[in-house]
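Sequence first, then the predicted structure:
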Amino acid sequence: MKKHIPLLLAICLCLSLCGCAKPVTGADYPAVFVHGYSGWGSYDERNNATPYWGLGSTNVENSLTSRGYRVYMASVGPVSSAWDRACELYAQLTGTRVDYGAAHSAQCGHERFGRGFSGDPLIPDFTWDSAHKVHLIGHSFGGATIRLLLDLLADGDAAEQAAGADVSQLFTGGHADWVCSITTIAAPSNGTTAIYLGNEGGSISASTGGSYDARLDHLEFMPPPSPKQTPRWQRPIFMITTTTRSMT
């Protein structure tokens, strides 16, 4: 537990100091945690046995909840692109079906729509808008995910807007004020050399067997059945290197 105290303190400090439009303080808004590459969240059954945020020795969600914070752990594609992950995060927060965008889906050759969250939103009884903001906290690739989500909320996407009618609100822009702050923890904000792995004879593959849900339905990968037992997997160690942006 002691080795995770700095992480908890850093997150608590970020949530406490990220002020938004008064009279509501930043700490009144829910905090959404987004895992990194090959990670998992509250929609994944394995999270019950080994929370990604805490890795078994502690439970960050429970620790922060006991301190009065409203925290939620998203589950986005563990091996998906930042774009796909941002779209999935948006759907979980709005309680809608994942829309990867007509232009993006056509360019990448996969289905436009993914899983639906209308009956199972990440934050129950919550309407996400400028009056009901969220804090976004991302670890590793989760940092890139939430930065892209904020960019899309703020500026939209011209290609998606030009693709025709029925454009997701995510791609229309003008919604930067839906986010109170973003905080990244050990995120590859300046890029990563891992991108060269596939070009040097290595390979990165996604398995849908066992308890691992790769969340690649739109690529015609089906999720696995519910596991009877969650296996132990080695996970990255957290680094307390944070960047924070407050939205006004």
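Sure thing, it's come through.

ok, longest helix in the protein?
helix 141-155 (DSSP state H).

Pull the residues that contact that helix.
Residues outside helix 141-155 that contact it (C-beta atoms under 8 Å, 6 or more residues apart in numbering) are 33-37, 39, 76, 82-83, 85-86, 89-90, 136-138, 170-171, 173-176, 178-179, 182, 184-189, 243, 247. No exception for glycine: its C-beta is placed from N, CA and C like everyone else's.

count of neighbours near residue 65?
For residue 65, the neighbour count with other C-beta atoms under 10 Å is 13.

Quick one: residues contacting the residue lying closest to it once chain neighbours are set aside.
Nearest residue to residue 65, sequence neighbours excluded (C-beta to C-beta, 6 or more residues apart in numbering): residue 71, at 6.1 Å. Residue 71 makes contacts with 30, 31, 32, 33, 60, 61, 64, 65, as judged by C-beta under 8 Å, 6+ apart.

Okay, and the beta partners of residue 71?
residue 31 (DSSP bridges).

picking up where we left off before, the contacts of helix 141-155 in strands, which ones?
Taking DSSP state E, the ones among those that sit in strands are 33, 34, 136, 137, 138, 179, 182, 184, 185, 243.

got the residues you listed as a markdown table, with neighbour count columns?
Output for the ones in strands among the contacts of helix 141-155, formatted as a markdown table (neighbours: other C-beta atoms under 10 Å):
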| residue | neighbour count |
| --- | --- |
| 33 | 26 |
| 34 | 32 |
| 136 | 28 |
| 137 | 28 |
| 138 | 27 |
| 179 | 24 |
| 182 | 25 |
| 184 | 24 |
| 185 | 23 |
| 243 | 13 |
